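Engineer: Have a look at this prediction, sequence included:
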Amino acid sequence: MAKVLIVDDSETLLATAREVLEGAGYTVFTARNWRECRTALSVRPDLVLVDVVLPGYESGDQLAVELRKHPMTADSKIVFFSSQSE
C-alpha cells in the first residue's frame, strides 16, 4: 500500500489524518517540523501532505523545495493543505 507522510504542527490534525488514511489502507508517517520530516524520509513516501503554514524557519513551500532536493522524496507527490480558514 502507498506510504503517506503528513507534515503539520497540529497534533490533532496529525491524529485525525492518520486515522482516516490508515482506515483507507495507507501506511502513514507523521512529522511536526522539518527535523522530524528529515527523519521520516527514509521510508521514501509516495505522497507528502504539507501544511502551508509551519512554525519556525520553514514554511510549507520552503519545505517542498527541500523535499524536491532530497533523493528519498524527489519523485514523491506533494500536496499542500491548511486547516486555517483565512
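Structural biologist: Cool, got the structure. Numbers count the residues shown, from 1 in each chain.
Engineer: Help me confirm that E22 comes into contact with T16.
Structural biologist: No - contact criterion CB atoms under 8 Å: E22 and T16 do not qualify, at 11.0 Å. From N, CA and C alone the C-beta is placed, and that goes for glycine too.
Engineer: partner residues bridging V28?
Structural biologist: V4 (DSSP bridges).
Engineer: Show the contacting residues for it.
Structural biologist: K3, V4, L5, I6, A17, R18, L21, E22 (CB atoms under 8 Å, 6 or more residues apart in numbering).
Engineer: please redo it, this time with the cut-off set to 7 Å
Structural biologist: With contacts defined as CB atoms under 7 Å, 6 or more residues apart in numbering, V28 is in contact with V4, I6, R18, L21, E22.
Engineer: Secondary structure element holding the third one?
Structural biologist: Following DSSP states H and E, one finds R18 within helix 11-23.
Engineer: which parts of that helix are buried?
Structural biologist: Within helix 11-23, the residues scored as buried using 16 or more other CB atoms under 10 Å are L13, L14, A17, R18, L21.
Engineer: Could I get the full set of helices for the chain?
Structural biologist: Along the chain, counting by DSSP state H, helices occupy 11-23, 34-40, 60-69.
Engineer: Any idea which of those gets closest to V50?
Structural biologist: helix 60-69 (4.6 Å; CB to CB).
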